[in-house]
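A.B. asks: Can you look at this prediction? I've put the sequence above it.
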Amino acid sequence: MILKGVGASPGIGIGPAFLFDNLKIKVLKKQIGEGEIEQEKRRFVRAVCDAEKQINQLLIEIPDELRRHSGIFKTHLLMLRDPMVYDRTLKLISDERINAEWALSKILDHVRRLFAQIKDQYIRERIEDLEYVVRRIQNLLSGNPSMDFSQLEKPVVLVAHDLSPADTIQMSKGKVLAFVTDVGSRTSHTAILGRSLGLPAVVGTGDAMSSIASGESLIVDGLAGNVIVNPDSRLLKVYRDKQQHYIRYQLEVIQHSNFPAETLDGFRVKIKANIEFLEEIPSVIQHGAEGVGLYRSEYLYLAHRDLPGDEELFHTYKEVAERLSPYPATIRTLDIGGDKFISSVSLGDEINPALGLRAIRLCLKESELFRAQLKAILRASAYGNVKILFPLISGKSEIVEVRRHLEQAKEELRRGGIPFDEGINIGIMIEVPTAVVMADSLAREVDFFSIGTNDLIQYSLAIDRVNEYVAHLYEPLHPGVLRMIQRTVMAAHEAGIEAAMCGEMAGEAMYLPVLLGIGIDELSMNCLAIPKIKRMIRQTRQEDCRSLAQRLLEASTAYEIRKELLEFLVSNFPEDFDSTQGMYPDFAGRDVYPLNS
Ligand code: PEP
Ligand code: MG
C-alpha cells in the first residue's frame, strides 16, 4: 500500500511504525458551581505557568541545529499570555461556569473559524501554533504526561495525526528515523524543523493513523512524498539503494560548503545568507555563507506586542554585526505592511495591502520609527561590517528622502559623541519595476543593489505572491523577468557597483546557470540551500552559463526558456538533475520534470 502525501523533508527512512496518538485527550464539558470558579481559575493559571516552564526548558535544551528556530517557541510563550487566550479563558470560566479545558476548546474553535477566512495560506496555517499551545495547557490540566521519545527502545518511524514543534525537538533526542503525519504542509513548523534535523518526512497523508498499524514496516520517501506500507523485499532493496545514494549525495554536497564559490573558469560569486532571527547565525557560519545578504529586521518587531526599544534594537544589531564580523551584516530596514503586520503600528484597512502603505513608504511616513531604527543600525556599525538595505524603492526621490533621514540620524549620533561607521554602505532592493527601468540612474545614488525577485516578479507579472489561485503563473523564467534581472546587473556594473540577489530565486538550484550567465555578483539565500548552490558553482564554467543566458534572453516564452534550461541542467549537473529520478519541484511547487511537459 502506498500513501501519498507531501514530501516535507527529503531523504529515505526505513523502519517499523510507531503510532503516536497525541489526540488521546478527550475534552469534556463540566459545569462548575459558583463556589468553584476561583479554584478553576487558579487551576488554569497554574497550568499556564507550568506550560511556560516547559517551553522555557525546551528553549534551554534546544539542540544547536534547531536553535535558529527558537522564535517558534518564543511565539508560543507570547500566545500563552495573549489576552485572546489567557484573559478570555478566565472570563469564560466565570461567565459560563465551565471547566478550563472546555473554555479553551471554545476559544480555539472561535479562532479557528476566524483563521479559516484568511486568504494567505502561510498566515492561515499559523492557527496550528495556537492549537499546540492549547493542547499543551489541556494536557497539563488533565495530568497527561508528554511523550518522551528518548525512551523508545528501538529506532522507529513515527506516525501521528499531527506533531507540534516541541514533539519534533523531542525527536532529535530519540531514535526516530523519519516521520509521517495526517495533516500539515511544507510550510508547517513541523516540516521546517524536520528539514533542519535532516529527518525524512511525509506530511498531509490524510489517513496514515487509520491505515497503518504499529510495528508495520514502512518506507518514508521524503523526496517523492510517498509512504510505502509493508514493502516486499524487492522494494526494500530498491529503497535501501536509494537511501545510500541520497546519503552519499548529501555528504558530498556538505563537503563543498566551506570551499569558495568559484566556477571552473574563475568567476567568483559571493554567497550569503538570508536570516530573520539572531539564532540563525551559527547556521550561517556552518553552511559556509560569507555573511548575511538580507536580515529581515521586521521579525524583531513582529515578535513584540509594543515597539522594541532603542536599546533592544541596538543590542540585537550589534550582536549580529559582532558575530558575523569580518563578514558583512546587511540589515534591511523595516518591511511591514503587505502581508506582515505589527500591532503597534496601525495601518488601516487596505484593499490591496501589497500595493499599499508598505516597507519604505510606511517608514517615510512614520519617520520617528524609521529614525530610531536607523540610529540603532548606525550605532551597531561601530562593531562590525554593517550595510543598510532599503526595501521597495521605486525611484530616486525616495532615496533622497531616505538619505535625509539617514543624515539626520548620523548628525544626532555625532552630537552625542556616539561612534558609528561614517562610510557605511547603503543599498536598495530592486523589487519595483520602475527601479529596474531607472536602474542606471539609481546606481549612481547607492553603493549596491539587491534584487528582490519575490516582489519583483509579483509586481511585474501582477501576480499576488501569496495567492494560491495564481501561484502557477508566478514565473521566474518569464523572459520579461530575466531581462529585468539582466538590465539591473548591467546598470550596476556600468556604475561600478555590485548587484546581489536575495529573493528565493537566488537559492533555487535550477536558476543558478542563468544568474551566473548574467554575471550576478552575489546570491543571498536560506542557509540550507548554500551547500548545494556552492557545489554547483564549483562544477560549472561561467563561459557556458553566459552563452546559455544569451540564448535564453532571446527566447520569447517561459516554456522555451524552461525547456532549454532543463536540458542544460541535466547534461551539466546529472547528480542534481537526473531525469530518471522522478520529479523535482521548484519553489512554486511546479514539477520540473518531465522535460517535455
Ligand atoms: C524579495 O522581495 O525578493 C525579498 C527578498 O524580500 P521579502 O521576501 O522579504 O519581501
Ligand atoms: Mg520584498
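C.D. replies: Noted; the coordinates are in hand. Every value quoted in this text rests on a predicted model; they were computed, and no experiment measured them. Residues are numbered from 1 along each chain as shown. Ligands and ions are numbered 1, 2, ... in the order given.

A.B. asks: Quick check: residues of the stretch 151-300 of the chain near ligand 1?
C.D. replies: Taking C-beta under 6 Å from any ligand atom as the test, the list of the stretch 151-300 of the chain residues beside ligand 1 reads 294, 296. Yep, even glycine has a C-beta here, placed from its N, CA and C like the rest.

A.B. asks: which regions of the stretch 151-300 of the chain sit below the pLDDT cut-off?
C.D. replies: 172-174, 187 (pLDDT under 70).

A.B. asks: And the helices in it, which stretches?
C.D. replies: For the stretch 151-300 of the chain, applying DSSP state H, counting those that start in this stretch gives helices covering 165-173, 189-197, 208-211, 233-255, 281-286, 298-302.

A.B. asks: is it possible to export these to TSV including mean neighbour count?
C.D. replies: Listed next are the helices of the stretch 151-300 of the chain as TSV, based on neighbours: other C-beta atoms under 10 Å:
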stretch	mean neighbour count
helix 165-173	21
helix 189-197	23
helix 208-211	17
helix 233-255	13
helix 281-286	20
helix 298-302	19
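
A.B. asks: what sits against Ala558?
C.D. replies: By C-beta atoms under 8 Å, 6 or more residues apart in numbering, Ala558 lies in contact with 475, 477-479.

A.B. asks: Single out whichever of these has the smallest pLDDT.
C.D. replies: Lowest in pLDDT among the contacts of Ala558 is Glu475, which has 90.

A.B. asks: Quick check: nearest residue in space to it, chain neighbours excluded?
C.D. replies: Computed as C-beta to C-beta, 6 or more residues apart in numbering, the closest residue to Glu475 that is not its neighbour in sequence is Ala558, at 5.0 Å.

A.B. asks: helices and strands of the chain: which one has the lowest mean pLDDT?
C.D. replies: helix 121-125 (a mean of 72; mean pLDDT, DSSP states H and E).

A.B. asks: separation between the most centrally placed residue in the chain and Ser211?
C.D. replies: Residue closest to the average C-alpha location in the chain (C-alpha atoms, centre = their mean): Asn526, at 7.4 Å. Separation of Asn526 from Ser211 (C-beta to C-beta, to the nearest Å) stands at 34 Å.

A.B. asks: and the protein, which residues reach ligand 2?
C.D. replies: 431, 452, 455 (C-beta under 5 Å from the ion).

A.B. asks: Report all helices and strands that the helix or strand hosting the last one contacts.
C.D. replies: Think Asp455. Using DSSP states H and E, Asp455 falls within helix 453-461. Identification of packing neighbours for helix 453-461 by 3 or more C-beta pairs under 8 Å, 6 or more residues apart in numbering; DSSP states H and E yields helix 433-437, helix 479-494.

A.B. asks: Redo these as JSON lines? Include distance to Leu251.
C.D. replies: Output for the helices and strands packed on helix 453-461, formatted as JSON lines (distance: least, C-beta to C-beta, whole Å):
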{"stretch": "helix 433-437", "distance to Leu251": "40"}
{"stretch": "helix 479-494", "distance to Leu251": "33"}
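
A.B. asks: So which of those helices is nearest Met510?
C.D. replies: Met510 sits nearest to helix 479-494 of all the helices and strands packed on helix 453-461, at 13.0 Å, using C-beta to C-beta.

A.B. asks: For that closest one, what is the distance to the chain centroid?
C.D. replies: 26 Å (C-alpha atoms, centre = their mean, to the nearest Å).

A.B. asks: Would you tell me what the next helix or strand after that helix is?
C.D. replies: Using DSSP H and E, the helix or strand that follows helix 479-494 in sequence is strand 498-501.

A.B. asks: Quick one: distance of the helix holding Asp455 to the chain centre.
C.D. replies: Taking C-alpha atoms, centre = their mean, one finds helix 453-461 lying 18 Å from the centre of the chain it belongs to.

A.B. asks: got the angle for that helix vs helix 479-494?
C.D. replies: Between helix 453-461 and helix 479-494, the angle comes out at 120 degrees (axes from the mean of the first three to the mean of the last three C-alpha atoms, to 10 degrees).

A.B. asks: Helix 453-461 and ligand 1 in contact?
C.D. replies: Yes. Helix 453-461 is in contact with ligand 1 by C-beta under 6 Å from any ligand atom, via 453-455.

A.B. asks: Quick one: mean pLDDT for that helix?
C.D. replies: Across helix 453-461, pLDDT averages out at 94.

A.B. asks: Those residues of this structure touching ligand 1, which are they?
C.D. replies: 294, 296, 335, 431, 452-455, 502-503.

A.B. asks: Show the buried residues in these.
C.D. replies: When the residues of the chain next to ligand 1 are checked for burial by 16 or more other C-beta atoms under 10 Å, the buried set is 294, 296, 335, 431, 452-455, 502-503.

A.B. asks: quick one: which of those is nearest Ile518?
C.D. replies: Of all those, Ile518 sits closest to Thr453, with 12.4 Å by C-beta to C-beta.

A.B. asks: Hmm, Leu482 and that closest one touching each other?
C.D. replies: No. Counting by C-beta atoms under 8 Å, Thr453 stays clear of Leu482, with 10.5 Å between them.

A.B. asks: Mind exporting the C-alpha coordinates of the one helix or strand Leu77 maps to to CSV?
C.D. replies: Using DSSP H and E, Leu77 sits in helix 70-80. What follows is helix 70-80, C-alpha atoms only, in CSV (Å, rounded to 0.1, in the frame of the first residue of the first chain):
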residue,chain,number,x,y,z
SER,A,70,13.7,29.1,18.7
GLY,A,71,11.5,32.1,17.6
ILE,A,72,8.6,29.5,17.2
PHE,A,73,8.8,28.7,20.9
LYS,A,74,9.1,32.4,21.9
THR,A,75,5.9,32.9,19.9
HIS,A,76,4.2,30.1,21.8
LEU,A,77,5.3,31.8,25.1
LEU,A,78,3.6,35.0,23.9
MET,A,79,0.5,33.1,22.9
LEU,A,80,0.1,31.6,26.4
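
A.B. asks: Go ahead and name everything in contact with it.
C.D. replies: For helix 70-80, contacts defined as C-beta under 8 Å, 6+ apart pick out 48, 51-52, 55-56, 58-59, 62, 85-86, 129-130, 132-133, 136-137, 165-166, 189, 193, 276-277, 279, 299, 303, 305.

A.B. asks: at 6 Å what do you get?
C.D. replies: 48, 51, 55, 58-59, 62, 133, 165, 189, 277, 279 (C-beta atoms under 6 Å, 6 or more residues apart in numbering).

A.B. asks: The residues you listed into CSV, with extra columns for distance to Lys26?
C.D. replies: Formatted as CSV, those follow (distance: C-beta to C-beta, whole Å):
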residue, distance to Lys26
Val48, 21
Ala51, 20
Ile55, 24
Leu58, 26
Leu59, 30
Ile62, 31
Val133, 19
Pro165, 24
His189, 25
Phe277, 37
Glu279, 37
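
A.B. asks: Closest to ligand 1 out of the residues you listed?
C.D. replies: Closest approach to ligand 1 among the contacts of helix 70-80 (C-beta to the nearest ligand atom): Phe277, at 13.9 Å.

A.B. asks: Please report how far the closest one lies from Ile169.
C.D. replies: Taking C-beta to C-beta, one finds Phe277 at 16 Å from Ile169.

A.B. asks: Please parse the chain into its domains.
C.D. replies: Here the domain parsing of the chain from automatic domain parsing is 2-23+150-253, 36-142, 266-554.

A.B. asks: give me the element Val386 is part of.
C.D. replies: strand 385-390.
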